[in-house]
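sequence? don't have it. structure:
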């Protein structure tokens, strides 16, 4: 069994940070579906801006809003306007084809990679 990349949102921009929220990353529901994430799924978030990395879980945000919000303690590590990559992994015995999407600076779907 190996952990392999299953889903990725590449070059997303953090639009909000909410220290008071109990935790997680809020992601536009349209992007969640296109990338193949599930609400409450554990994800790895990597900042291309600062280099910070953290694990959290997905919360669905308003569809077509472009929201990418770092919530709770994660908002200390990754700030508004940072460029991030969000990745989900799967434990499997078989190779899988990851669903990778590219978004623009407004977090609108551009294309599958």
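Noted; the coordinates are in hand. On a predicted model such as this, the values are computed, not experimentally measured, just so you know. Numbering: from 1, shown residues only.

thought residue 10 was touching residue 101?
Yes: counting by Cβ atoms under 8 Å, residue 10 does reach residue 101; the two are 6.8 Å apart. Just so you know, the C-beta spots here come from the backbone N, C-alpha and C atoms, and that holds for glycine as well.

Who has more neighbours out of those two?
residue 101 (20 against 17; other Cβ atoms under 10 Å).

Would you enumerate the residues in contact with the more buried one?
Residues counted as contacts of residue 101 (Cβ atoms under 8 Å, 6 or more residues apart in numbering) are 8-10, 31, 34-35, 109-113.

what residues are shared contacts of residue 10 and residue 101?
residue 113.

Now do the strands in this protein.
Here the chain has its strands, by DSSP state E, at 2-13, 16-18, 24-28, 42-47, 53-61, 68-71, 83-92, 99-103, 109-112.

Quick check: which of those strands is nearest to residue 77?
strand 53-61 (5.5 Å; Cβ to Cβ).

Can you tell me the strand partners of that closest one and which way each runs?
strand 24-28 (parallel), strand 42-47 (antiparallel) (DSSP bridges).

tell me the mean pLDDT over it?
Computed over strand 53-61, the mean pLDDT rounds to 97.

so the residue most central in space within the chain bridges to which residues?
Ranked by distance to the mean C-alpha position of the chain (Cα atoms, centre = their mean), the top residue is residue 86 at 3.2 Å. Bridge pairing for residue 86 (DSSP bridges) gives the partners residue 9, residue 45.
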